[in-house]
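Peer 1: okay, structure incoming, though there's no sequence with it:
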């Protein structure tokens, strides 16, 4: 019998992991990562992965298991996540997904268009073109190629714009045309519950500032120094994680430590804003939408422990 699937989500730095731990203890669950950067082995401090004590308390899955040299994506994550769900079902365990990457959660529930894999050479070409002509001209170019895809993309969302360009240039078919066809499904999710936390944004920003300072104190610079020494391609996803470009700039002596910290805080606050925007426009069915921080909520008040 399939167990319920739980999603504890919302912006970064609000305390989702602690809430999920308490829930897992009460409903016989195990925790599954739904954060696109916490998957990487090399990013423990910068991605704020769960502590060893948390992992000993409740079993965790899909954390720190992918090499940064791999161009990991949502399809790979959904495949891995579906295997974890099936495994936990056989053990009569509840799957509790924790993370703020809305695209991962949406795709796991709704599936993904059957778009062919894009070769690394095409990805490098899109990066080269974007840097050569600039974001404004690239946006106009991609808009002319596939208006239906671009109309829902902000002009500063370089990754999604590159994706549209790459699909067209590799397949000679629009991404929007692929999306009109049937989706690839990863799992039949009959019973899922999304608990969405969208607390006060200004207070969330302050928590972001504090978290970044804590990361620096706890060894983030040395962690990224080791990552830098691996000489990964700068276009790989791991090299764009919040904090990575900023700390590399500091290591290269292009930024002072003070400016490095300020920039890390700024890009993460911008990410929080984008997460609010994404979730407010999402069409996913939300079980509970809460405008408080997870630590301020009694789990019993969410009705999650009634099953």
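Peer 2: Thanks, I have the structure now. These numbers were taken from a predicted model, which means no experiment stands behind them.
Peer 1: gap between stretch 51-60 and the chain center?
Peer 2: Relative to the chain's own centre, stretch 51-60 is displaced by 20 Å; criterion: Cα atoms, centre = their mean, to the nearest Å.
Peer 1: which residues are contacting that stretch?
Peer 2: Identification of contacts with stretch 51-60 by Cβ atoms under 8 Å, 6 or more residues apart in numbering yields 17, 21, 24, 25, 29, 30, 31, 32, 33, 50, 63. Every C-beta, even on glycine, is put in place using the N, C-alpha and C of the backbone.
Peer 1: try 7 Å
Peer 2: Surrounding stretch 51-60, the residues in contact under the criterion Cβ atoms under 7 Å, 6 or more residues apart in numbering are 17, 21, 24, 25, 30, 31, 50.
Peer 1: cool, stretch 253-272 as well?
Peer 2: So stretch 253-272 is in contact with 11-12, 201, 204-205, 208-209, 212-213, 216, 242-243, 246-247, 249-250, going by Cβ under 7 Å, 6+ apart.
Peer 1: re the thing from before, so which of the contacts of stretch 51-60 belong to helices?
Peer 2: Counting by DSSP state H, the part of those found in helices is 17, 21, 24, 25.
Peer 1: who wins for neighbours among the residues you listed?
Peer 2: Greatest neighbour count in the ones in helices among the contacts of stretch 51-60, by other Cβ atoms under 10 Å, goes to residue 24: 23 neighbours.
Peer 1: contacting residues for that one?
Peer 2: Shown in contact with residue 24 (Cβ under 7 Å, 6+ apart): 30, 31, 58, 96.
Peer 1: distance check, it against residue 88.
Peer 2: Per Cβ to Cβ, to the nearest Å, residue 24 is found 11 Å from residue 88.
Peer 1: with residue 276 instead?
Peer 2: Distance from residue 276 to residue 88, counting by Cβ to Cβ: 30 Å.
Peer 1: residue 270 now?
Peer 2: For residue 270, the distance to residue 88 - Cβ to Cβ - is 35 Å.
Peer 1: now swap in residue 13 and tell me
Peer 2: 27 Å.
Peer 1: helices and strands around the helix or strand of the chain with the lowest mean pLDDT, which ones?
Peer 2: Ranked by mean pLDDT, DSSP states H and E, the weakest helix or strand in the chain is strand 183-184, scoring a mean of 82. Packing partners of strand 183-184 (3 or more Cβ pairs under 7 Å, 6 or more residues apart in numbering; DSSP states H and E): strand 112-113.
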